[in-house]
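*Asks:* Below are the sequence and a predicted model; questions follow.
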Amino acid sequence: GAVVSQHPSRVICKSGTSVKIECRSLDFQATTMFWYRQFPKKSLMLMATSNEGSKATYEQGVEKDKFLINHASLTLSTLTVTSAHPEDSSFYICSASLWTPQRHEQFFGPGTRLTVL
Amino acid sequence: KQEVTQIPAALSVPEGENLVLNCSFTDSAIYNLQWFRQDPGKGLTSLLLIQSSQREQTSGRLNASLDKSSGRSTLYIAASQPGDSATYLCAVSRFTNSGYSTLTFGKGTMLLVSP
């Protein structure tokens, strides 16, 4: 249980195009999902917190108009990188939050490798 | 602001050795601490989760300890195998004013176990 998928796993696009990445919780409902970014040999950096039915909360330094987040259902959040540029090339990972009476845990997707030419 | 540090940054050992990975964090007001494994170009696999009220968790050859007051955690891997080669990430969670918890990650320890 507690499986999170991401699509696509890899995308290569030209500079100036927009790219949409999907994050799905397959066997549980997640009111909260998170989007992270990871540069080579660097740690995961939280970009934004996505709450179902409300606006996302962005971390300091993350452009909300650049990285559009939509959390339209309890199992799907999308991240759209608008007008992508080479500096946006990175590994994007999402996670979904699962609450149980015993604990609260985030389950991570397999990541999406974005390369902007 | 929470900062998570992992030592060493890289570790190379022969197969069969027992090893310890270290994680420290600056703010002890955490909800839980997790250890993850990340293979190159892949997502994260959760290994162990320790609640702030717990001292340790064990899963197979892995044992993680938590000393919240001193801001430290260790991941102990017994009888290491080449398949253990990966980057190990430590992350601590805290609750935000909005009612959900967020994770802060360390930079990881890159482990290589040679046959």
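*Replies:* Noted; the coordinates are in hand. Numbering: from 1, shown residues only, chains lettered A, B, ... in the order given.
*Asks:* And the host helix or strand of B:V13, what does it pack against?
*Replies:* Secondary structure from DSSP states H and E places B:V13 in strand B:10-14. Using 3 or more CB pairs under 8 Å, 6 or more residues apart in numbering or on different chains; DSSP states H and E, the elements in contact with strand B:10-14 are strand B:19-25, strand B:109-114. Placement of C-beta: from N, CA and C, glycine included.
*Asks:* The first one: partners in the sheet, and parallel or antiparallel?
*Replies:* Sheet partners assigned to strand B:19-25 using DSSP bridges are listed as strand B:4-7 (antiparallel), strand B:72-77 (antiparallel).
*Asks:* Hmm, B:A10 is touching B:M110, no?
*Replies:* Yes. Between B:A10 and B:M110 there is a contact under CB atoms under 8 Å: 4.5 Å.
*Asks:* Look at these two and report which has more neighbours.
*Replies:* For the pair B:A10 and B:M110, the greater number of neighbours falls to B:M110 (18 against 10), based on other CB atoms under 10 Å in any protein chain shown.
*Asks:* Quick check: beta-bridge partners of the more buried one?
*Replies:* When assigned by DSSP bridges, B:M110 has beta-bridge partners B:A10, B:T87.
*Asks:* and it, how far is that from B:E56?
*Replies:* 24 Å (CB to CB, to the nearest Å).
*Asks:* Which of the helices and strands packed on strand B:10-14 sits closest to A:N51?
*Replies:* Closest to A:N51 of the helices and strands packed on strand B:10-14 is strand B:19-25 (CB to CB; 25.7 Å).
*Asks:* From the chain's centroid, how far away is that closest one?
*Replies:* How far strand B:19-25 lies from its chain's middle: 7 Å, per CA atoms, centre = their mean, to the nearest Å.
*Asks:* And the next helix or strand past the lowest-mean-pLDDT helix or strand in chain A?
*Replies:* None of the helices or strands of chain A scores lower by mean pLDDT, DSSP states H and E than strand A:104-108, at a mean of 86. Going down the chain from strand A:104-108, the next helix or strand is strand A:112-116, by DSSP H and E.
*Asks:* Only alpha carbons, please: show that following strand as PDB.
*Replies:* What follows is strand A:112-116, C-alpha atoms only, in PDB (Å, rounded to 0.1, in the frame of the first residue of the first chain):
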ATOM      1  CA  THR A 112      10.500  13.100 -13.000                       C
ATOM      2  CA  ARG A 113      13.700  14.100 -14.800                       C
ATOM      3  CA  LEU A 114      13.200  17.300 -16.700                       C
ATOM      4  CA  THR A 115      15.800  18.400 -19.300                       C
ATOM      5  CA  VAL A 116      15.200  21.700 -21.000                       C
END
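*Asks:* chain center to it, what's the gap?
*Replies:* Relative to the centre of its chain, strand A:112-116 is centred 13 Å away, using CA atoms, centre = their mean.
*Asks:* do stretch A:64-84 as well
*Replies:* Centre to centre, stretch against its chain (CA atoms, centre = their mean), the figure for stretch A:64-84 is 7 Å.
*Asks:* Any part of it near chain B?
*Replies:* No. Stretch A:64-84 is not in contact with chain B by CB under 8 Å from any CB of the partner chain; minimum separation 12.4 Å.
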